[in-house]
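1. Dropping a prediction and its sequence here:
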Amino acid sequence: MDKFGKSQPVRRLEDRRFLTGAGRYVDDIVPEDALYAVFVRSQVAHGHLEAVDLEEARGMPGVALAMASDDLAAMGVNYSLGTKVVTNGDGSTPAEPRRPILAEGKVRFVGDPVAVVVAESLAQAKDAAESVLADVEELGAKLDLAPGGDAIHEEVPDNVAFDWQAGDAAAVAGAIAEAAHVVATRVADNRVICNSMEPRGCFAEWDGERLHFSFSGQGVWGMREDLIACFGLGRDQVRVTIPDVGGGFGMKAFGYPEYFAVAACARSLGRPVRWMSERTEAMLADNSGRNLVSDTTLAFDSEFRILAYKVNTSCNLGAYLSGEAQQIQTELFAKVAMGVYDVQTIALNCKGFFTNTGQVDAYRGAGRPEAMLALERSIDNAARVLGVDPHELRRKNFISPAKFPYKTAVADTYDVGDFDRVLTSAEANSDCAGFAARRAE
């Protein structure tokens, strides 16, 4: 690993193949006799799902299968997509509401999969899907990042999914009370749709004993374990493969309801089944990123050294818990919360809320970019409020090279760093001194 893994250049071997159009993505390699799956999705954000009428769809040309959650249950498939939860600040464990493959009793966001139709051609599957009638009694839509509103899950009546804390809140409060200067900043971090060049897609094959599942994803092992759990299969009965992938960015790292539905259809029919998301579908059903608001407080002494840092964050989880959703703005945010600054007194609080929107999970850095945005925006705002140069304010508070290896307030260790040198280099290479003149031109 020291020889080949750490700080070593890795020669790219795949570029010629991609640049000459020879990439092999999941939709390029499906079996020739594969049937097409199309999902029927909720058109309302929140409501009781009274019934799903599939009779007309089942009788349409080319249709091999049409099913809703009751049909999955009749097959013996009662799987709930997995997640991980943090520990609340009071030591309790947050609720883990069920996330079904197809909607059960309720729809919770626009795009929530209600039914799946499988047919000989994509056109036939789409036509049949349009005939499916979902009877939904609408409820109030929860959108704000605050307690209250119509309960999305019965187990979470106030829609507060978790309330997590880290650091020393009492020490921070004391430092703020004694500080020469205190600067508060609100930092909004908007939702980001990942929008990968290749949308999500998959196909499944069942030979009567073994399942082969291929998808555009970011790892085979977790998906394999999920399929084993979903269908009660042995470890030697499930094979998962990933061909070339046209962008993932964290969004494709997790299992989604469509994957298990496609696999269930293939097992039921004994024929390969394929599904490829369309762009609008991806906008509705793919995990998004970010979507949080952080209220920060920086306490300074009379010489503008940072004494303490406090962050109170409210984050949107969407309607269901995706795989790592609760870890993103808590444990991962905390790892770099104080960035490159020599501050040991910090307090972090994050509340996660269920809303009637699509799920939010890992996206390009997963919590770390959000922490950096909150911190560096707060430093810039403090410089404006205090009337000091933002670069000099940073220099005054950088971790000194002599302090490495450096243990942070959340017990992570930085091995090395010379942040003043990096900033000075950036100033020189960007002609920072000439910026005002360039802006005036």
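-> Cool, the structure landed.
2. Near the closest residue to Pro157 other than its chain neighbours, how many other residues are there?
-> What sits nearest to Pro157 in space, not counting adjacent residues and going by C-beta to C-beta, 6 or more residues apart in numbering, is Ala151, at 4.8 Å. In this view, the C-beta of every residue, glycine as well, is placed from N, C-alpha and C. For Ala151, the number of neighbouring residues by other C-beta atoms under 10 Å comes to 16.
3. repeat for Glu278
-> Neighbour tally, Glu278, other C-beta under 10 Å: 11.
4. Please renumber the chain so that the first residue is 44 from this point on.
-> From this message on, residue numbering opens at 44, which makes the last subject Glu321.
5. you'd agree it is up against Glu241?
-> No - if you go by C-beta atoms under 8 Å, Glu321 and Glu241 don't touch, sitting 12.0 Å apart.
6. Please, where are all the helices along the stretch 194-343 of the chain?
-> 212-221, 264-274, 300-312, 322-328 (DSSP state H, counting those that start in this stretch).
7. right, so these: which one is the most enclosed?
-> Highest mean neighbour count of the helices of the stretch 194-343 of the chain: helix 300-312, a mean of 24 (counted as mean count of other C-beta atoms under 10 Å).
8. quick one: that helix to helix 264-274, angle?
-> 50 degrees (axes from the mean of the first three to the mean of the last three C-alpha atoms, to 10 degrees).
9. Give me every residue in contact with helix 300-312, excluding its own residues.
-> Applying C-beta atoms under 8 Å, 6 or more residues apart in numbering, the contact partners of helix 300-312 are 78, 80, 82, 107-108, 110, 115, 118, 120, 122, 124, 142-145, 156, 159, 161, 243, 245-249, 254, 256, 258, 266, 269-270, 273-274, 315-318, 320, 328.
10. Keep only those of these that are in strands.
-> Judged by DSSP state E, the subset of the contacts of helix 300-312 located in strands is 78, 80, 82, 107-108, 110, 156, 159, 161, 245-249, 254, 256, 258, 316-318.
11. would you say Ala390 is within a strand?
-> Yes - Ala390: assigned to a strand according to DSSP: H, G, I helix; E, B strand; the rest coil.
12. show me what contacts it?
-> 208-212, 214-216, 351-354.
13. and the most centrally placed residue in the chain, how far is that from Ser357?
-> Residue closest to the average C-alpha location in the chain (C-alpha atoms, centre = their mean): Asp404, at 1.3 Å. Asp404 sits 17 Å away from Ser357, going by C-beta to C-beta, to the nearest Å.
14. same question, Thr400
-> 14 Å.
15. Mind checking which of these two has more residues around it?
-> Set Thr400 next to Ser357 and count neighbours by other C-beta under 10 Å: Thr400 wins out with 22 against 19.
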